[in-house]
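Visitor: here is my input; please provide its structure:
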Amino acid sequence: MPHTVDLVADLGEGFGAYAMGDDEALLDVLTSANIACGFHAGDPRIMDATVRHCVQRGVAVGAHPSFPDLVGFGRRAMDLSPDEVRTDMLYQIGALQAFAAAHGTRVQHVAPHGRLGNLVAIRPDYAAAVADAVASVDGSLIVLAQDGELADAARGRGLRVGIVGIADRAYRDDGTLVPRSEPGAVIHDVGEIAERTIRMVTEGVVRSVGGHDIPVQCDTVLLHGDTPGAIALARRVREELLAAGVEITALTDVLDGRDA
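Guide: Coordinates of the predicted model:
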């Protein structure tokens, strides 16, 4: 069977008059979108427009909830209790569900953003809080995560899980991402990123900073839109995947094929 993969990016990450990335150009490349829900970026007008554009392009809508950290773009650790994490998730998912309903669609998945997204991979209490929130809202929602605590917690609650491959981020030997605060955390070489993506999707491995090929399941590839040359990079990754015989398709189709 041919390899299949979903392509996702973080969209709607401006605020008020401030824009972040070229969402319109990215939508031509994607099959799914993680939409900021107002806590690290985004506002009602931006959320509304982003959902509308996704519907117009046939791109699946996903929630991208975060710590309540507009100033730090959700990339700072915050000392929240698990119940605060759970209720913050409910608030943000619910907000996006309203815009999705207004545009005749539904939220397909939930993908925690930034520092929260890093912590739920290794903190069982935060992972349980996010999984509980998702399960209580809609058991058909897909949880996007790296392998780790959140993926396990979501599966334990009967939720479908899509494992995210992040080709432009460096991985440690244990499969976690190198923090952005450390040198070399973000990879900028277009050729290297494209090669890493192909290996993630077709071989199920990625080269770690320690020089080891470590296993990485990849149901969806995360493309970043807020770095220099991001649009050209996203198009290059899509072209390289297609050239390698990979079918780019909806996340639900990828998971259906994997689970068949």
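Visitor: low pLDDT regions in the stretch 1-150 of the chain?
Guide: Scanning the stretch 1-150 of the chain for pLDDT under 70 picks out 1.
Visitor: quick one: the strands in it, in order.
Guide: 4-11, 32-36, 60-64, 107-110, 142-145 (DSSP state E, counting those that start in this stretch).
Visitor: I187: which of these is closest?
Guide: Judged by CB to CB, the one of the strands of the stretch 1-150 of the chain that comes nearest to I187 is strand 4-11, at 16.2 Å. From N, CA and C alone the C-beta is placed, and that goes for glycine too.
Visitor: with just CA atoms, put that closest one into CSV.
Guide: Presented in CSV, the C-alpha positions along strand 4-11 are these (Å, rounded to 0.1, in the frame of the first residue of the first chain):
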residue,chain,number,x,y,z
THR,A,4,-0.2,8.4,3.2
VAL,A,5,0.1,11.5,5.3
ASP,A,6,-1.8,14.6,6.3
LEU,A,7,-0.2,18.1,6.1
VAL,A,8,-1.1,20.5,8.9
ALA,A,9,0.1,24.0,9.9
ASP,A,10,-0.7,26.5,12.7
LEU,A,11,-3.0,29.2,11.3
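Visitor: partners of that strand, with directions?
Guide: strand 32-36 (parallel), strand 220-223 (parallel), strand 247-248 (parallel) (DSSP bridges).
Visitor: okay if I get those strands as CSV plus mean neighbour count and distance to V143?
Guide: CSV is the format used below for the strands paired with strand 4-11 (neighbours: other CB atoms under 10 Å; distance: least, CB to CB, whole Å):
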stretch, mean neighbour count, distance to V143
strand 32-36, 27, 12
strand 220-223, 25, 12
strand 247-248, 16, 21
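Visitor: let's have those in JSON lines, adding distance to A77.
Guide: Written out in JSON lines, the entries for the strands paired with strand 4-11 read as follows (distance: least, CB to CB, whole Å):
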{"stretch": "strand 32-36", "distance to A77": "19"}
{"stretch": "strand 220-223", "distance to A77": "21"}
{"stretch": "strand 247-248", "distance to A77": "34"}
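Visitor: let me know which of those is the nearest to V85.
Guide: Once the strands paired with strand 4-11 are compared by CB to CB, strand 32-36 is nearest, at 17.0 Å.
Visitor: C-alpha coordinates for the closest one, CSV please?
Guide: Extracted C-alpha coordinates of strand 32-36, given in CSV (Å, rounded to 0.1, in the frame of the first residue of the first chain):
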residue,chain,number,x,y,z
SER,A,32,-5.6,20.3,8.0
ALA,A,33,-5.2,23.4,10.0
ASN,A,34,-4.5,24.1,13.7
ILE,A,35,-6.3,27.3,14.5
ALA,A,36,-5.3,29.5,17.4
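Visitor: contact partners of it?
Guide: Strand 32-36 is contacted from outside by 6-13, 27, 42, 46-47, 50-51, 54, 59-64, 66, 96, 108-109, 111, 113, 144, 220, 250-251, using CB atoms under 8 Å, 6 or more residues apart in numbering.
Visitor: and what of stretch 121-130?
Guide: By CB under 8 Å, 6+ apart, stretch 121-130 touches 82-83, 85-86, 89, 110, 112, 116, 119-120, 143, 145-154, 176.
Visitor: residues of that stretch that come out buried?
Guide: Of the residues in stretch 121-130, A121, R123, Y126, A127, A128, A129, V130 count as buried by neighbour count, 16 or more other CB atoms under 10 Å.
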